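Visitor: no sequence on hand, only this structure:
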């Protein structure tokens, strides 16, 4: 099983799909390398957070995902 | 007691409140708030997306924080996802307590946190297509009231 990326909100539009599979292991540098153009720039920005298997990372640059993990890319929430 | 739900279909505040009241016969008062998709002549549809591993957990934690802050008999948080039309109910918050002041404040607190903290992403369909909604500064100002 690969690492599954899940794009939320407008990041899904930038990615052109709600999900994307990448081979593990995946770190921050590998994630950025796999996300070209405006999508990568948005993820690099301070407002986007990452969650691995439902836990939000305090420091997204410390990403360390393995095969089978789900990495969610979370733009600022709109509010309920 | 918590009643926390993410609803993929219709939200019926009347039915939910009847059940909540029946579940808390000991309460001296119940306060509820219904949020609707605000009627706006430009908006045709509203779509709300959530991320299951975070959204429900966040709502559970909010309910726990609300119960810890006021002496409540119960708290209810119901939130819609999916596609809605202007005027549709989108969120229902309720608090049951022995005395009314606790219920008013708890419902207000829970709603302010849902509005700014909960893991939901919204987009609106207007004549020229879909637009993602950015966070509102007012929502964050509302939230600060509870930490001052």
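Guide: Sure thing, it's come through. Not measured: the values here are computed from a predicted model. Numbers count the residues shown, from 1 in each chain, chains lettered A, B, ... in the order given.
Visitor: please count neighbours and contacts with C-alpha atoms only from this point.
Guide: Will do.
Visitor: gap between the spatially most central residue of chain A and residue B:105?
Guide: Chain A has residue A:73 as the residue nearest its centroid, 3.5 Å off, counting by CA atoms, centre = their mean. Residue A:73 sits 34 Å away from residue B:105, going by CA to CA, to the nearest Å.
Visitor: related to what we said a few turns ago, what pairs with the strand or helix carrying the residue nearest to the centre of chain A, parallel or antiparallel?
Guide: In the assignment (DSSP states H and E), residue A:73 maps to strand A:70-74. Paired neighbours of strand A:70-74 in the sheet (DSSP bridges): strand A:3-7 (parallel), strand A:49-52 (antiparallel).
Visitor: please state the offset of the first one from the chain centre?
Guide: Read that as strand A:3-7. When distances are taken as CA atoms, centre = their mean, to the nearest Å, strand A:3-7 is centred 6 Å away from the chain's centroid.
Visitor: the shortest one now?
Guide: Between the centre of strand A:49-52 and the centre of its chain there are 6 Å (CA atoms, centre = their mean).
Visitor: need the contact partners of that strand.
Guide: Applying CA atoms under 8 Å, 6 or more residues apart in numbering or on different chains, the contact partners of strand A:49-52 are A:43, A:56, A:57, A:60, A:65, A:69, A:70, A:71, A:72, A:73, A:74, A:75.
Visitor: for the helix or strand following it, which strands pair with it and how are they oriented?
Guide: Moving toward the C-terminus from strand A:49-52, the first helix or strand encountered (DSSP H and E) is strand A:55-56. If you go by DSSP bridges, strand A:55-56 pairs up with strand A:49-52 (antiparallel).
Visitor: which SS class is residue B:33?
Guide: The local conformation at residue B:33, judged by DSSP: H, G, I helix; E, B strand; the rest coil, is strand.
Visitor: residue B:45 versus that one, what's the distance?
Guide: The gap separating residue B:33 from residue B:45 is 22 Å, by CA to CA.
Visitor: likewise for residue B:87?
Guide: In this structure, residue B:87 and residue B:45 are 10 Å apart, going by CA to CA.
Visitor: these two - which one has more neighbours?
Guide: Using other CA atoms under 10 Å in any protein chain shown as the criterion, residue B:87 and residue B:45 rank with residue B:45 on top: 15 against 12.
Visitor: the helices in chain B, which residues?
Guide: Assigned by DSSP state H, the helices in chain B fall at B:13-23, B:52-69, B:100-117, B:137-144.
Visitor: check contacts around the residue nearest to the centre of chain A.
Guide: Counting by CA under 8 Å, 6+ apart, residue A:73 touches A:5, A:6, A:7, A:8, A:11, A:43, A:48, A:49, A:50, A:51.
Visitor: so what pLDDT did it get?
Guide: According to the prediction, residue A:73 has pLDDT 98.
Visitor: so how far is residue A:77 from residue A:34?
Guide: Look at residue A:34 and residue A:77: by CA to CA, they are 24 Å apart.
Visitor: burial of the residue nearest to residue A:69 when sequence neighbours are not counted, as a residue count?
Guide: Leaving aside its chain neighbours, residue A:69 sits nearest to residue A:3 (5.2 Å; criterion: CA to CA, 6 or more residues apart in numbering or on different chains). One way to gauge burial is a neighbour count; for residue A:3, by other CA under 10 Å, it gives 19.
Visitor: contacts only, for residue B:18.
Guide: Counting by CA under 8 Å, 6+ apart, residue B:18 makes contact with nothing.
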